[in-house]
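> Turn this into a structure:
(one chain, ligands or ions: 1)
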Amino acid sequence: RTMATVARQSLKVGLIPGDGIGKEVVPATREVLKALGKDIPKPEFIELAAGFETFQRVGVALPAETVQALREECDCAIFGAVSSPTKKVVGYSSPIVQLRKELDLYANIRPVVSVATNDSAARKVDLIVVRENTECLYVKDENLMIGERGREARATRLITEYASKRIGKMAFELALGRPRRQLTIIHKSNVLSVTDGLFRETIRSIPQLPESAGRYDGVRIEEQIVDSAVYKLFREPEIYDVLVAPNLYGDILSDAAAALVGSLGLVPSVNAGDSFVMGEPVHGSAPDIEGKGIANPLATIRSTALMLRHLGYERPAVRIDNAVTQAIRSGFVTPDCGGKYSTQDVLGKVVDFIES
Ligand code: GGG
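Below you'll find the model as predicted:
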């Protein structure tokens, strides 16, 4: 499902590097979009702040100006990565979780695809994890209290029919556009029968809604308990096509699926709503390799392609994807993929392939 293509003089792209290697990979978006030449409206870039380093500098992780610029000035955006402390820091709240809510980017679409190589043992993976982006435990309603046996921490897990329906529709639309037309609903309703039960039932009922009018009749619906889905993902990844999951399961499943295609550094995503789209590499801020110049830019480059595709620019998106495939096939990869090349080397090669 893409947003209706709008005639534009220019494409205004918000760049939010965030923390750690986010700052090293997000510049790739500039180079790649510039390399597309006349295939897209002239790109203009607006650098925006967010992240833990921003919090340390100015006292908020997501400045109001960033949200305002995204809403009022940008056609789309790329978000790099964020490092949130694992211990509570007073006043800090994850900017990416907040941003998805502020812009109502309710779907996180994460395609995980293997690049065909000469290695006959390599597994063929071609799936999309569609992660609900606004609810589940990520509403971050957590409380610490003193109970009968000492400290007790509780969290609210929110699942609504409204959010389950809209993420389900997005997933059905994606499944419709794929050859296998298969949708697997991920849940744990054998244990969480109320919350996951609502998620599962709501999505199952979408084809019968009057407004669906038979549109999804050709989509085969499957379902899988989340733990068994992880098992099958590692044993038989080829059985999956589109998976739709509540926020937490989707977050975990998509990182796990990334292991099947070589590296988290290869896996892109978009955060999509009905009127805005923001690309985001699935990987985090990777403090272990920060500053070494070896961060893999391919997830960001592929997220840029996904963002364009969502805006209706299919041909330039294909040019980027093909260039990434060529770079991988010719061994131009960073150390996380077994290569010896730097972020800049890989980016340079992708740009060459786009321009050739
Ligand atoms: N680009 C994905 C990313 O930054 N992942 C790390 C993440 O989601 N962290 C959550 C947070 O730090 O708030």
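
> So which bits of the stretch 51-200 of the chain are right by the ligand?
By C-beta under 6 Å from any ligand atom, the residues of the stretch 51-200 of the chain that approach the ligand are A81, V82, S83, S84, S94, I96, V97. Backbone N, C-alpha and C define where each C-beta goes, glycine included.

> List the contacts of the strand ranked longest in the chain.
Ranked by residue count under DSSP state E, the longest strand found in the chain is strand 10-18. With C-beta atoms under 8 Å, 6 or more residues apart in numbering as the test, strand 10-18 has contacts from 22-23, 26-27, 29-30, 33, 40-51, 66, 69-70, 73-82, 95-96, 278, 285, 311.

> how about a cut-off of 6 Å?
Here strand 10-18 makes contact (C-beta atoms under 6 Å, 6 or more residues apart in numbering) with 23, 26, 40-48, 50-51, 70, 73-82.

> What segments of the stretch 201-350 of the chain are strands?
Assigned strands in the stretch 201-350 of the chain, in chain order: 220-225, 242-245, 270-272, 277-279 (criterion: DSSP state E, counting those that start in this stretch).

> Name the stretch among those that sits most buried.
Mean neighbour count (mean count of other C-beta atoms under 10 Å) peaks for strand 242-245 among those, with a mean of 28.

> who's in contact with that strand?
In contact with strand 242-245 (C-beta under 6 Å, 6+ apart) are residues I128, V129, V130, R131, A171, L174, A175, L183, T184, I185, I186, L253.

> Might one say that the fifth one is in contact with V130?
By that I understand A171. Yes: counting by C-beta atoms under 6 Å, A171 touches V130, with 4.2 Å between them.

> before we move on, back to that, strand partners (parallel or antiparallel) of the longest strand of the chain?
strand 42-47 (parallel), strand 76-81 (parallel) (DSSP bridges).

> Could you find the closest non-adjacent residue to V25?
T300 (4.2 Å; C-beta to C-beta, 6 or more residues apart in numbering).

> can you pull the contacts of the one you found?
T300 touches V25, A28, P281, counting by C-beta under 6 Å, 6+ apart.

> which one of those is nearest the ligand?
P281 (5.3 Å; C-beta to the nearest ligand atom).

> what's the pLDDT at the closest one?
You'll see P281 listed with a pLDDT of 97.

> One more: V115?
pLDDT, the model's per-residue confidence, is 86 for V115.

> Check R215 too.
Looking at R215, its pLDDT stands at 97.

> what's the answer for P237, then?
On the pLDDT scale, P237 gets 94.

> go on, S254?
S254 is given a pLDDT of 89.

> Next: the one 3 residues further on.
At A257 the predicted local distance difference test score is 91.

> what residues are up against it?
So A257 contacts V112, L233 (C-beta under 6 Å, 6+ apart).

> if we go to 7 Å?
V112, L127, V129, L233 (C-beta atoms under 7 Å, 6 or more residues apart in numbering).

> which of these lies closest to K101?
V129 (19.7 Å; C-beta to C-beta).

> Which helix or strand contains the closest one?
strand 126-132 (DSSP states H and E).

> Including mean neighbour count and mean pLDDT, could the strands paired with strand 10-18 go into CSV?
CSV is the format used below for the strands paired with strand 10-18 (neighbours: other C-beta atoms under 10 Å; pLDDT from 0 to 100):
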stretch, mean neighbour count, mean pLDDT
strand 42-47, 15, 98
strand 76-81, 27, 98
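
> I'd like these laid out as TSV, including distance to P268.
Below are the strands paired with strand 10-18 laid out as TSV (distance: least, C-beta to C-beta, whole Å):
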stretch	distance to P268
strand 42-47	18
strand 76-81	10
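
> I'd like to know which of the ones you listed is closest to I354.
It's strand 42-47; of the strands paired with strand 10-18, that one is closest to I354 (C-beta to C-beta) at 13.4 Å.

> could you point out which element follows the closest one?
Assigned by DSSP H and E, the successor of strand 42-47 is helix 52-58.

> quick one: the following helix or strand past that following helix to strand 42-47, angle?
Using DSSP H and E, the helix or strand that follows helix 52-58 in sequence is helix 64-72. With axes from the mean of the first three to the mean of the last three C-alpha atoms, to 10 degrees applied, the angle from helix 64-72 to strand 42-47 works out at 160 degrees.

> out of the contacts of A257, which is most surrounded?
V129 (31 neighbours; other C-beta atoms under 10 Å).

> pLDDT score for that residue?
So, for V129, pLDDT stands at 97.

> all strands of the stretch 51-200 of the chain, in order?
76-81, 107-113, 126-132, 142-147, 150-155, 182-187.

> ok, and which of these has the densest surroundings?
strand 76-81 (a mean of 27).

> what does that one rub up against?
Counting by C-beta under 7 Å, 6+ apart, 13-23, 25-26, 29, 70, 96, 277-281, 283-285, 300, 303-304, 307, 311 sit against strand 76-81.

> which of those are buried?
13-23, 25-26, 29, 70, 96, 277-281, 283-285, 300, 303-304, 307, 311 (16 or more other C-beta atoms under 10 Å).

> Brilliant, that's me finished.
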